[in-house]
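need a 3D model of the following:
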Amino acid sequence: YNVRPVIRSVAAVVLDCREAAGGFDVLLDKTVIFPEGGGQPSDTGRIGSAAVLHAREVGEDVWHLLDKPLKVGSSVEVSFDEARRRDHSVQHTGEHILSGLAAKLFGAKNVGFHMAEDYMTADFDLPLDAEQIKALELEANKAVRDCIPVDTCEISEAEYARAVLRKKAEGLKEPIRVVTVGEADSCTCCGTHCLTSGEVGLIRIDSFARYKGGVRVWFDCGER
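Numbers count the residues shown, from 1 in each chain. Okay, the predicted model is just below:
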């Protein structure tokens, strides 16, 4: 797995610690823990001697739910669980490929995405049939085999207004993060991703069903 060069750990200072349901909420001055968002679950990991159970955004802050309290003002080492981050990056990159190609092949718009611990779903606004689903799966795996670069960049609001993307979220403030998978997909996204499409390994559509006038697709990527 050829991970994108990232900072895997960082020294941080504990700014706040509060008792919470299921543990203790901790705020740091910096973190490498990805909080839940964009359809993707949060990282887990370690902060000092405590285990990170969950992370969430509240405004501009990332609050970490820990299994034990930490002293406010103390210095701690923060790191994420690499196996979990890798799996989430693989699943999320696979979703980009599937959604981008559904739009290119059939004009089907992704209107919903959910990543659970053991399955993924994507909702499209058109009722794709079995032959279309099969064609989508084949094209998605061709994109995987082609080992397409996955690029991320940050653009201004003016650049965003001019950009041609598969999906544009409303109300974003700069810098706006855009993820591009070659010709397969380009959209705004806050999640974690692979360095290339080849790291996804395999995209398998397990099943599909009519849903709200369109179709819901269940799928898995990589080692799943």
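
longest helix in this protein, please.
Determined from DSSP state H, the single longest helix within the chain is helix 82-106.

could you list the buried residues of that one?
By 16 or more other CB atoms under 10 Å, the buried positions in helix 82-106 come out as 84-103, 106. No exception for glycine: its C-beta is placed from N, CA and C like everyone else's.

show me where the chain has helices.
Using DSSP H, the helices assigned to the chain run over residues 82-106, 130-145, 157-162.

could I get the ones you listed as CSV with mean pLDDT and distance to residue 34?
Below are the helices of the chain laid out as CSV (pLDDT from 0 to 100; distance: least, CB to CB, whole Å):
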stretch, mean pLDDT, distance to residue 34
helix 82-106, 96, 7
helix 130-145, 98, 23
helix 157-162, 91, 22
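
okay, the longest strand along the chain in CSV with CA atoms only?
If you go by DSSP state E, the chain has its longest strand at strand 9-20. Only the C-alpha atoms of strand 9-20 are listed here, as CSV (Å, rounded to 0.1, in the frame of the first residue of the first chain):
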residue,chain,number,x,y,z
SER,A,9,1.9,11.6,14.4
VAL,A,10,2.2,15.0,15.9
ALA,A,11,3.1,16.5,19.3
ALA,A,12,0.1,18.5,20.7
VAL,A,13,-1.1,20.3,23.8
VAL,A,14,-4.3,19.4,25.6
LEU,A,15,-6.5,22.5,25.6
ASP,A,16,-9.6,21.1,27.3
CYS,A,17,-10.9,17.8,28.8
ARG,A,18,-14.5,17.1,29.8
GLU,A,19,-16.3,14.1,31.0
ALA,A,20,-18.7,12.8,28.3
